[in-house]
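**Q** kindly return the folded structure for what I paste below:
(chains A, B and C)
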Amino acid sequence: MTLMKFNIEQYFENLINYNIIFKNRDALNTSYIPDSLPHRDTQIKLLAQIFGVSLKNAQPSNVFIYGKTGTGKTAVVKFVTKKLINKFIDQKIESVPKWIYINCNEVRTSYRILATILNRLEPREKIPPTGFPRDILIEKLYNIMENQIKNSICFIILDEIDCLTDINSKNNILYILSRLNETIPSAKVCIIGISNLLDFKKDLDPRILSSLSEEEIVFPSYNAKEIYDILIERVSVAFIPNIVDDGALKLCSALAAEENGDARRALSILRKAAELVERRNLNKLNVEHIYEAKEILDLDTTVEFLKELPVQQKYILFSIYLNHKYNPDVPITTGLLYNTYCELINKGLGMNVLTPRRVTSLVKDLELAGIIRSDLISKGKPNGRTRYIYFLLSDKQIKKAFEKDPEFEDFLNYIPDTTKNKNYNYRDGMKFQTLI
DNA sequence: GATCCACAGGAAATTAAGGGTC
DNA sequence: GACCCTTAATTTCCTGTGGATC
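**A** Take a look at the predicted model:
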């Protein structure tokens, strides 16, 4: 039997000339800002009222924006920003505000946010990611603000602000920024903080809170009907007519509404489903494609996350996985996990054994990522307090993530000694570590 | 009721790496 | 090259905890 060879030239030719389902593929990207944002009129109006005073060269209030993932926070801020800049240009107002957008999930420390702001305002400075004393950077910021923002306004948007690692330190970026307007009366700075956590402000210093929370806007989650309306608009921009089945859109909306009313999730599922339709040379997107897209996305997201884990965390995950696989009747306690972890590290490619304290922290991180679950259990004097750890992934996900990883592929079918010898305890783990 | 077990987990200290100034 | 600074990862130290045992 001869296999048909893939003809790449023909494939690209078909893609261009025959299988056309998209009008504007970009409209399905989460970063796309549409001409209208359904069900966000209230928030748009509020933000326009706050930002709008800048057209009269007055200083807008600082704003804190709250809402779960995919509720349109960033999209609304960018939407209002875009319209405001256009208004400045239309009106030929000279002092167009400066806009600095920073995602704190990517730029996580106060020092680096300071460096990013300085580099945006004065690209010739080229502030490095480490090295400068913080007070020097603050002084540079004051100088630049004084010289550049004199007759204008600078909007600083800190998205995912809850990801800042040093939010509780004395000199964090929010404190520095909150003092800017007091220190330099000639500079007008407006800070917009965006957070996924509704209770984010409860741990903030009261001085920062009073300065930065002048206005607050809450973005509620979308329901299925609202997500459906958003999808309808995007579909009309993204696809040629009659490609997407209405039932598929309703299903996509319902699935996303179940997951915290996340419109971004709905768009991701729809985009993946459209890719399946395009690759198969079909001309109709139906409910089966939505189900299939969701399954692929769920698998892909987890597998990609597992591949990107730090090596030590992969060893811990494998220790949990192997205990779950070969000793399903025995609860995985912290002590047992630590024994298995030590064994795997010593079988591996020369990593250092971490301390139990550090392993505990990494286990907690895995739990926060939703890969495992754990319960705190107290079993009295002979066995003390420990955690029961539960593995939440499938064999399929582990295999897909690690079958091509040279450090871990041999562990996929490895049976640890700790699953054979059930007489273990935490202290055995310590002996294990020091004896080998 | 006191003691003990096996940790949990907070806080501070340490270390290494990357980058700056003088 | 010595010294200073920041970040991120990790270790060390310490106190706290629920429930079985004494």
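**Q** ok, residue A:369 to residue A:280 distance?
**A** Residue A:369 sits 33 Å away from residue A:280, going by Cβ to Cβ, to the nearest Å. Backbone N, C-alpha and C define where each C-beta goes, glycine included.
**Q** which of those two has more neighbours?
**A** Neighbour tally, residue A:369 and residue A:280, criterion other Cβ atoms under 10 Å: the higher count belongs to residue A:369, 14 against 10.
**Q** that one contacts residue A:305, correct?
**A** Yes - taking Cβ atoms under 8 Å as the definition, residue A:369 is a contact partner of residue A:305 at 6.7 Å.
**Q** tell me, what's touching the two both at once?
**A** Counting by Cβ atoms under 8 Å, 6 or more residues apart in numbering, no residue touches both residue A:369 and residue A:305.
**Q** ok, now which ones touch residue A:263?
**A** Applying Cβ under 8 Å, 6+ apart, the residues contacting residue A:263 are A:70-72, A:222, A:227, A:230, A:256.
**Q** before we move on, what SS does residue A:147 have?
**A** helix (DSSP: H, G, I helix; E, B strand; the rest coil).
**Q** can you count the residues close to it?
**A** What residue A:147 shows, counting by other Cβ under 10 Å, is a neighbour count of 12.
**Q** how close does it sit to DNA strand C?
**A** According to Cβ to the nearest atom of the strand, to the nearest Å, residue A:147 and DNA strand C sit 24 Å apart.
**Q** got the contact list for that residue?
**A** Contacts for residue A:147 (Cβ under 8 Å, 6+ apart) come out as none.
**Q** what's the burial count for the closest residue to residue A:408 other than its chain neighbours?
**A** Distances taken as Cβ to Cβ, 6 or more residues apart in numbering place residue A:402 nearest to residue A:408, at 4.4 Å, with adjacent residues excluded. Residues contacting residue A:402 under the criterion other Cβ under 10 Å number 22.
**Q** from residue A:414, how far out is residue A:402?
**A** 12 Å.
**Q** so the residue nearest to residue A:263 when sequence neighbours are not counted is in which element?
**A** Nearest residue to residue A:263 in three dimensions, chain neighbours excluded: residue A:70, at 4.9 Å (Cβ to Cβ, 6+ apart). Secondary structure assignment for residue A:70, by DSSP states H and E: no helix or strand.
**Q** might one say that residue A:70 is in contact with residue A:264?
**A** Yes - with contacts counted by Cβ under 8 Å, residue A:70 reaches residue A:264, the gap being 3.7 Å.
**Q** residues near residue A:327, how many?
**A** Using other Cβ under 10 Å, residue A:327 has 18 neighbouring residues.
**Q** from residue A:339, how far off is it?
**A** For residue A:327, the distance to residue A:339 - Cβ to Cβ - is 12 Å.
**Q** any chance of the contacts of residue A:263 in a markdown table with distance to residue A:386, secondary structure and pLDDT as columns?
**A** What follows is these, written out as a markdown table (distance: Cβ to Cβ, whole Å; DSSP: H, G, I helix; E, B strand; the rest coil; pLDDT from 0 to 100):
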| residue | distance to residue A:386 | secondary structure | pLDDT |
| --- | --- | --- | --- |
| A:70 | 37 | coil | 90 |
| A:71 | 39 | coil | 94 |
| A:72 | 43 | coil | 93 |
| A:222 | 41 | coil | 95 |
| A:227 | 43 | helix | 96 |
| A:230 | 46 | helix | 95 |
| A:256 | 38 | helix | 94 |
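**Q** distance of the nearest residue to residue A:190 once chain neighbours are set aside from DNA strand C?
**A** Nearest non-adjacent residue to residue A:190, counting by Cβ to Cβ, 6+ apart: residue A:60, 4.5 Å away. Noted for residue A:60: a distance of 28 Å to DNA strand C, by Cβ to the nearest atom of the strand.
**Q** now do the SS call for residue A:60.
**A** Per three-state DSSP, residue A:60 ends up coil.
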